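> give the three-dimensional model of this entry:
(chains A and B)
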Amino acid sequence: MARTPSICPFCGCGCEFYLASHGGRVVGIEPSPSNPVNKGMLCAKGWNAYEFIHSPDRLTKPLVRKHGTLVESSWEEALKTVAGKLTEIKSQYGPRALAFLSSAKVTNEENYLFMKMARAVFGTNNVDHCARL
Amino acid sequence: MTNSINEFEDADLFLVTGSNTTAQHPLIGSRIINAKERGAKLLLIDPRAIQFAQFADLHLRQNIGTDVAVLNGMMNIIIEENLYDRTFVEERTEGFDQLKSVTSRYTPRVVERISGISAADLEKAARMYATSDKAMLVYCMGITQHTTGTDNVKSCANLAMLTGHIGRPSTGVNPLRGQNNVQGACDMGALPNVYSGYQPVTDTAIKKKFEDAWGVQVLDDKVGLTVTEMMIAVRKEEIKSLYIMGENPMMSDPDTSHIDHALSHLEFLVVQDIFLSETAAKADVVLPAASFAEKEGTFTNTERRVQISKKAVPPPGLARPDWEIICEVSRLAGYAMDYTSPADIMREINTLTPSYAGITYRRLEQSYGIQWPCPNEEHPGTPYLHRDRFTKGRGTFLPCDFKPVAEVPDEEYDFLLTTGRIYYHYHTGTMTRRISILEREAPVPMIEINPEDAKRLSIKNNDTVEITSRRGVIKARAEVTGRVPRKVVFSTFHFHEAPVNLLTNPALDPLAKIPEYKGCAVKVRRCV
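Model (predicted):
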């Protein structure tokens, strides 16, 4: 069984725990005994913050809407559609016709890259996330 | 937070307002309860009798949306009774005379009329806070999610400065952040007006710095739109495409019918998520992302502590970490992003973000995180802010006048609905509702209603009730409880079966553009 240090995905306390994993699956959670935030404790949400990781509802393939329905596609097709369509809309209507919603659930590095993509790649400051909600 | 979670252990008093701490931030809630046990005082200002009401030395149940009046009233008493910190006010602040002139109108009698809090309780509260040596003010969305959210926050800051409860350990103004990386998303510039580290997009020198670093000719120097404004712009056909990463506006944003209509209006919607959320179901392209357990990266908690999280398991199927997807989209759009790892991205963040300059993976891996500002690799990080001076020099008092909620109840819509979270679920429920233990504890949407109102409307526990606002209608089961005052109902936004944001009012705070989730007019009836 492997133990991997991780940060709870729920509220802003930032409790540290170890994800216990076996055979590519997370099978349990142990609070970090010495992290100064949670000092060996967790709440009911934190203790159980792993079941959804292996939910059968997880998205496992890109989906592209065809004739009104979302159908499975390759990464290549999905990514080309996204990049192509955003570039097309930008050249047709200007960069302010695009908007980007980042996430309070992803990492700092991902938030940084997302806002860099909005600003440097697509030329718009229309970037925000759900801090207000 | 201006201060740190560990400092809760040395505070003499906690003023908690607009935060159901034991439910939403349980590990901070238990710190406060532990502090109570060793003799610290708890002053609670909240319309609902939340769990903290059982522990509080004094609980003021103000009418919804009257926070500015209550805080002004406390300041008026503190000034009248000479309980304010004269040295702090003289040496570190400006604008005291204006504060005094505005707050002097909020006499205990006036505040009682507006807020329903008795003069005696208000006086007691003012004295408790002002005369404590180390008082921590703790707030959450009950303060901010109002059309007067900015005024509420300013009033909290005024109160802390007036009493000198800021710039020292175990004091301060401490907003609790509701998501594990909402602090980091703000720090990283996922906001329409700033780059990472709150560097304004309108500042010419800053713009030049990012243009040079990113190798682009011209960056936009006009402030962009906030999420709430984006949805309006979509309906006006000014925005044609929306790229949403890890958010669910169909459940989390006010007035769902308006959001639904707006999203349907788009020419192109991309959603990158771990589940096919209510929002993803409307997308043109859905990109499957890795969850927190399936990638490496850093998160910044409510006390500004940046911590590292490692990859435990591979993502399911073809799902990929968000940062890799962003690199691919950028590359295909003609801009090379060749990062080899999150640590590689952090090196760029270090060079462009003064407050994160010294926060490197090497240091994070050898510690329990570092609190920004951390300007260089030798800097230990900053447990509390504003020690010798405020960022701008002197702290300016910004007094505000009371304004009522945007949608006041009338004869037809005679209740106020206030929304929030419960202990067992989280935000729009995409994660917690897929955890069987949590779902077992709270499987169905509930509406809290006061026993007197329930009796008048012949509503019993678990009856199905219908709540209607001018924007929509939902059904949920009644929980008859004194937790809510009369003429107030409470519900949550966790349940797609009863999406409470169908009802909420999209009226915004003019500056922060935050919607008024904590009060809109509704009517209530029992379903037969």
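
> whether stretch B:358-367 contacts chain A - can you check?
No: residues of stretch B:358-367 contacting chain A under CB under 8 Å from any CB of the partner chain: none, with a closest distance of 9.1 Å. Every C-beta, even on glycine, is put in place using the N, C-alpha and C of the backbone.

> domain ranges for the chain, per the record?
Here I'm looking at chain A. Segmentation of chain A into domains, based on automatic domain parsing, reads A:2-54, A:63-132.

> oops, I was thinking of chain B
B:5-176, B:182-371, B:415-526.

> with mean neighbour count and mean pLDDT added, can I get those in TSV?
Converted to TSV, these look like this (neighbours: other CB atoms under 10 Å in any protein chain shown; pLDDT from 0 to 100):
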stretch	mean neighbour count	mean pLDDT
domain B:5-176	21	98
domain B:182-371	20	97
domain B:415-526	20	96
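
> closest one to residue A:105 among the ones you listed?
Shortest distance between residue A:105 and these, using CB to CB, is found for domain B:182-371: 4.7 Å.

> now do that closest one: distance from first to last residue.
15 Å (CA to CA, to the nearest Å).

> chain center to that domain: distance?
18 Å (CA atoms, centre = their mean, to the nearest Å).

> same thing with stretch B:141-149?
Distance, centroid of stretch B:141-149 to centroid of chain: 9 Å (CA atoms, centre = their mean).

> check stretch A:16-34 too.
20 Å.

> for it, measure first residue to last.
9 Å.

> pull out the buried positions in that stretch.
A:16-21, A:26, A:29, A:31-32 (16 or more other CB atoms under 10 Å in any protein chain shown).

> quick one: which of the residues you listed is nearest residue B:435?
When those are compared against residue B:435 (criterion: CB to CB), the nearest one is residue A:29, at 11.3 Å.

> surely the closest one is in a helix?
No: Residue A:29 sits outside any helix when classified using DSSP: H, G, I helix; E, B strand; the rest coil, being strand.

> circling back: which of the domains of chain A sits most buried?
domain A:63-132 (a mean of 21; mean count of other CB atoms under 10 Å in any protein chain shown).

> can you tell me the distance between the two ends of that domain?
Termini of domain A:63-132 sit 29 Å apart (CA to CA).

> of the domains of chain B, which approaches residue A:74 most closely?
Comparing the domains of chain B by CB to CB, domain B:182-371 comes nearest, at 8.5 Å.

> quick one: the helices in chain A?
Counting by DSSP state H, one finds helices in chain A at the ranges A:44-47, A:75-93, A:108-116.

> which SS class is residue B:270?
strand.

> whoops, residue B:244 was the one
strand.

> which residues does it contact?
Counting by CB atoms under 8 Å, 6 or more residues apart in numbering or on different chains, residue B:244 touches A:100-101, B:269-273, B:279, B:283.

> list the contacts for residue A:106?
A:114, B:181, B:185, B:245-246, B:289, B:297, B:322.

> which members of the residues you listed are the farthest-apart pair?
B:185 and B:289 (15.2 Å).

> let me know the pLDDT of the most far-flung residue of chain A relative to its centre.
In chain A, the greatest distance from the average C-alpha position (CA atoms, centre = their mean) is reached by residue A:92, at 29.6 Å. At residue A:92, the model reports a pLDDT of 98.

> show me which of the contacts of residue A:106 is closest to residue B:493.
When these are compared against residue B:493 (criterion: CB to CB), the nearest one is residue B:246, at 16.6 Å.

> gap between the closest one and chain A?
3 Å (CB to the nearest CB, to the nearest Å).

> tell me who's in contact with that residue.
A:102-106, B:272-274, B:289, B:322.

> try residue B:171
Counted by CB under 8 Å, 6+ apart, residue B:171 has contacts B:2-3, B:11, B:134-136, B:160, B:164-165, B:384.

> hmm, 6 Å instead?
B:134, B:165 (CB atoms under 6 Å, 6 or more residues apart in numbering or on different chains).

> chain neighbours aside, what residue packs nearest to residue B:243?
residue B:270 (4.4 Å; CB to CB, 6 or more residues apart in numbering or on different chains).

> was I right about that neighbour contacting residue A:82?
Yes: with contacts counted by CB atoms under 6 Å, residue B:270 reaches residue A:82, the gap being 5.3 Å.

> what residues are shared contacts of these two?
residue B:285.

> what are the ranges of the strands in the stretch 51-200 of chain B?
B:58-60, B:93-94, B:135-139, B:173-175, B:194-195, B:199-200 (DSSP state E, counting those that start in this stretch).

> so which bits of the stretch 401-528 of chain B are right by chain A?
Those residues of the stretch 401-528 of chain B that sit near chain A, judged by CB under 6 Å from any CB of the partner chain, are B:426, B:431, B:434-435, B:437-438, B:514.

> of those, closest to residue B:113?
residue B:514 (27.0 Å).

> which stretch of helix or strand covers the closest residue to residue B:148 other than its chain neighbours?
Closest residue to residue B:148 in three dimensions, ignoring its sequence neighbours and counting by CB to CB, 6+ apart: residue B:403, at 5.3 Å. For residue B:403, there is no host helix or strand (DSSP states H and E).

> phi first, then psi, for residue B:403.
Backbone torsions of residue B:403, given as degrees, to the nearest 10, read phi -130, psi 140.

> quick check, it in contact with residue B:147.
No: using CB under 6 Å, residue B:403 makes no contact with residue B:147, being 7.3 Å away.

> and residue 46, what does it touch?
Assuming you mean chain A. Applying CB under 6 Å, 6+ apart, the residues contacting residue A:46 are A:8, A:15.
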